[in-house]
Each structure stands twice: as structure tokens, then as C-alpha cells.
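Undergrad: this one's sequence-less:
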């Protein structure tokens, strides 16, 4: 009995070691905030992380000291406000949750003025110090900030559209969880692809592509779509001015970062929705779009088309494309 248990332990350890054979240096910008702290914790647990640098205008050294006590292999260092370049030195993946959170009554676009400036300055530093890093943008509004970051990199002469991502994973997590609740299933059996953008009615959950989701119709379907699109409002209202979706967003951010790290490590078939520079709807003036993307050492390896969708989803997509075009133009207007 003991021998079998020991053999299993050795086998699991070897599997763990193999899965983490290619480790990556990761920097979190905004590590002291409501998303940044749990995100930093989750990144410390990822076996593909070699070195974890935590930066914020306040609190990052304390978060780093705390997280560094966790018994996983990565080394953690915290950086104060005047050490941004040092935090980015050698970074291969940069995750950005920095910015102000939503409050009751605010939309993601209400955050634009402040967060656009924050993202512009951080992206400028990344382009200067670690221009080949994969940049993962969590800060909202993602639909406008990804174009801003792209322009910053273009102006710096280091733009690679395969390495700039808008993290829309929370929409996928919500759609999967909410569909599981409606159908009475385990979420692992109800994966949902979510396309479009990462704000309100630019979010298009493709329930028709799920064996369980296609059975949801009528008012139940409409309420389910609305909940996915505006699920963040539930959290903002429940926290009554004390914050927005921080824990679920940290989980979603770490989930996407983990997928990218696996792709960088050489794992094949790592596919997940993310908001990137995309050719799918370029003919309609939409340069950035979230759809299933295969991730690998170069970042975006392949952008998958949306695929067959229902009539209801066709209508949702039309609305989403109109909103996305406006969001993207807003980002470009800010940076220019």
C-alpha cells in the first residue's frame, strides 16, 4: 500500500516537473490592488512561473513579502513606485490589473479617462524595457485599452500584435458557471465560448455551440445572456461601493495567464478566447475582436473563426460589432 502511494507521489512529481519544464519570468503591474493581490497569489502557485516581480505605486513590497512565503519554486520580488523599469527588466509576460475599480452606477467606459492614462504610461515602460514581453491587459475598459497599448508599441517601433492580449476570460468563466447553474450541471461539462469584446453588449456568449446551452431558450436564454453581459454589476452592487469584481477577475486573469504560460512552454492545443488584433471583422472596421485563439511560444499562433451561430447570436454580434468599433475609435482618439 505504502509502495503504491510512494510510486504515485513520484509519478505526480515527475509530471509536475515535466509540465513546468519551461518556466517564465512574470511581472504584475498593479500588484497591490484588489485584483493584483489575489492575482499575485495565484501566479505564485503556477509551476510555469520562474520569477515573479510585483509592482505598484504603493504596497507591492509588502504583498511580495507575504506571497514569497508560499512554498512553490518561483522567486518573488516587490518593487516600489520609482522602480518600474527594474520590475520590468527581464519580464517575458506582463500582467496589468492596475487602475481604478468600478463603483455603483459606473460602466467600464466611465473608467476610461483615468485608466487610459495609467495603461498608456505602463505600456510605454514595457515597450521601452521589455519590448518582446507578452502584455496581458486586465484593466478596463479592455475594448479601448488594447488599441491604446497597440498604438504605444507601434510608435515605439516594437509592435507585435501576437503579443498584446485583452483578458476577456471572466466572461468565459461567468458564462460557464451561469449555464451550469441554469442546467443543473457541473461547470466542467458546460464550457462556453464567448466572443466580441469585454464590456456589456459587446460580450457575446455562444450558447448554441454548447450541447447544454443550445437547449436554453426563451426568457431563460435572454436572462442568461444579460447576466453574462452585465454580471459585473451584480458584484459592484453587492459590494455597495466597496469595490468591483476582484476575486473572480483575479481567478480569470490567472487562468488566462496560465494558459499562455503553458503555450509558451510548448504545450499544443492551448485554445481560449481573448481580445486581440484580429482579421475576422476587419472588413466591418473592427480591428480587435475576442474569439478562440491558439496560444504558443509566439503568443497568438492561430485565430479561430466564430463558427456557426444561432439567429439570436447573429443579432447580438451585430450590436457587439457596432459597440466595438466605437470603443476602439475612442482608444485611438485618446492616444493620438
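TA: Cool, the structure landed. What you see is a predicted model; the values in this text were computed from it and never measured. Numbers count the residues shown, from 1 in each chain.
Undergrad: from residue 93, how far out is the nearest residue to residue 272 once chain neighbours are set aside?
TA: Residue nearest to residue 272 in three dimensions, not counting chain neighbours: residue 259, with 5.0 Å by Cβ to Cβ, 6 or more residues apart in numbering. In this view, the C-beta of every residue, glycine as well, is placed from N, C-alpha and C. In this structure, residue 259 and residue 93 are 11 Å apart, going by Cβ to Cβ, to the nearest Å.
Undergrad: higher neighbour count, the two?
TA: Each of residue 259 and residue 93 has its neighbours counted (other Cβ atoms under 10 Å); residue 93 has more, 24 against 18.
Undergrad: residues contacting that one?
TA: For residue 93, the contacting residues are 24-27, 133-134, 136, 257, 260-261, 264, by Cβ atoms under 8 Å, 6 or more residues apart in numbering.
Undergrad: over to residue 179?
TA: 185, 187, 190, 192, 207, 210, 212-213, 216, 224.
Undergrad: helix, strand, or coil at it?
TA: helix (DSSP: H, G, I helix; E, B strand; the rest coil).
Undergrad: please name the nearest non-neighbouring residue to it.
TA: residue 190 (4.6 Å).
Undergrad: isn't the one you found up against residue 180?
TA: Yes: Residue 190 lies in contact with residue 180 (Cβ atoms under 8 Å); the separation is 4.6 Å.
Undergrad: quick one on the thing from earlier: can you pull the contacts of the residue nearest to residue 272?
TA: Counting by Cβ under 8 Å, 6+ apart, residue 259 touches 270, 272, 295.
Undergrad: and which of the residues you listed is nearest residue 196?
TA: residue 272 (14.7 Å; Cβ to Cβ).
Undergrad: the closest one sits in which helix or strand?
TA: Residue 272 belongs to strand 270-277 when assigned by DSSP states H and E.
Undergrad: buried residues of the next helix or strand after that strand, list them for me.
TA: Later in the chain than strand 270-277, the nearest helix or strand by DSSP H and E is strand 288-296. By 16 or more other Cβ atoms under 10 Å, the buried positions in strand 288-296 come out as 288-293, 295-296.
Undergrad: of those residues, which is the nearest to residue 233?
TA: Residue 233 lies nearest to residue 290 out of the buried residues of strand 288-296, by Cβ to Cβ, at 19.8 Å.
Undergrad: hang on, that closest one packs against residue 272?
TA: No: at 9.9 Å, residue 290 does not count as touching residue 272 under the criterion of Cβ under 8 Å.
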